[in-house]
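K.L.:
Coordinates for the following, if possible.
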Amino acid sequence: MIVQSPNPVTLLGGGDALTEDVKAAMAFASTCVAADGGAELAARAGVSLDAVIGDFDSVSPETLALTPSDRRHHIAEQDSTDFDKALRNIEAPVVLGVGFLGARLDHQLAALNVLASHPARACVLLGATEIVFLCPPALRIETGAGDVVSLFPLAPVTGTSSGLRWEIDGLVLDPVGQTSTSNAATGPIALAMDNPAMIVMLPRRYLGAVTQALAFAPPAARWPSHAGQYRAPTQS
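P.N.:
Numbering: from 1, shown residues only. Okay, here's the model as predicted:
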């Protein structure tokens, strides 16, 4: 493990992001790590990095030199993204990712794939208007009536909900079947999932609430490390 922290960690990527986004994440996670080209975002934001992780093909030598050599961790393999390389090497209660949404759609899809590939690594991605994260086994957030709550499965998954306009109990949600995007809260929401395959999207203002919920979740509300291998739900 390259980075170990008892507190939340901010992870910067090379996608679309503003320096204000970095500040928003670091208000809840002051330790800052860059995934390769995310070091360029750190330089623009004037942030010192605790580590830079990646294959270093998206960061200039000048920017890389701003971080001491003992904090640069080169991972040469090309079978995973820099986000994957970084996330799997950070041990923290929760990681806040900035610069992984927006711009190229293929990069965004790859980021969602990483979230599902490492379910034991709680991670929230910060976008321009929303936050995106993998739903844990159980989650409760004090949302307000009318707030958009979008649920998108990356594989067939079943679960339960309360506080949604259209509840998901009894449904098998599937990326090529029924999803639950553009749903809405009727008040505080509670979600429970049987597999680590559900992506949740909430308004950006819930970054702090979700960060706290994931960081202080009891063991029963966290996916175990072996949950990365998708298990099909039992068919009735």
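K.L.:
Excluding its own residues, what touches the longest helix along the chain? List them.
P.N.:
Secondary structure of the chain read by DSSP state H shows that its longest helix is helix 105-117. Identification of contacts with helix 105-117 by CB atoms under 8 Å, 6 or more residues apart in numbering yields 13, 15, 81, 83-84, 87, 97, 100-102, 123, 125, 132-134, 154-155, 196-197, 199, 228, 230. Yep, even glycine has a C-beta here, placed from its N, CA and C like the rest.
K.L.:
Relative to Ala209, how far out is Pro136?
P.N.:
For Pro136, the distance to Ala209 equals 14 Å [CB to CB, to the nearest Å].
K.L.:
Who has more neighbours out of the two?
P.N.:
Pro136 (22 against 15; other CB atoms under 10 Å).
K.L.:
Tell me the spatial nearest neighbour of that one, not counting adjacent residues.
P.N.:
Leaving aside its sequence neighbours, Pro136 sits nearest to Ala221 (CB to CB, 6 or more residues apart in numbering; 5.3 Å).
K.L.:
again, but for Phe152
P.N.:
Closest to Phe152 by CB to CB, 6+ apart is Ile199, at 4.6 Å.
K.L.:
isn't the one you found right up against Leu151?
P.N.:
Yes. At 7.2 Å, Ile199 counts as touching Leu151 under the criterion of CB atoms under 8 Å.
K.L.:
Counting residues, which strand of this structure comes out longest?
P.N.:
When the chain is parsed with DSSP state E, its longest strand is strand 180-193.
K.L.:
What are the buried residues along that strand?
P.N.:
Within strand 180-193, the residues scored as buried using 16 or more other CB atoms under 10 Å are 180, 183-186, 189, 191-193.
K.L.:
partners of that strand, with directions?
P.N.:
strand 138-141 (antiparallel), strand 148-153 (antiparallel), strand 157-164 (antiparallel) (DSSP bridges).
K.L.:
in the longest one, what counts as buried?
P.N.:
For strand 157-164, burial by neighbour count (16+ other CB under 10 Å) applies to 157-159, 161, 163-164.
K.L.:
Of those residues, which is the nearest to Gly144?
P.N.:
Gly163 (10.2 Å; CB to CB).
K.L.:
Return the distance of that closest one relative to Met193.
P.N.:
Gly163 is 15 Å from Met193, by CB to CB.
K.L.:
can you check Met26 too?
P.N.:
Taking CB to CB, one finds Met26 at 29 Å from Met193.
K.L.:
Tell me how this protein divides into domains.
P.N.:
7-128, 132-203+216-236 (automatic domain parsing).
K.L.:
What ranges does this protein have for its helices?
P.N.:
In the chain, the segments counted as helices under DSSP H are 19-26, 38-45, 61-64, 82-87, 105-117, 207-215.
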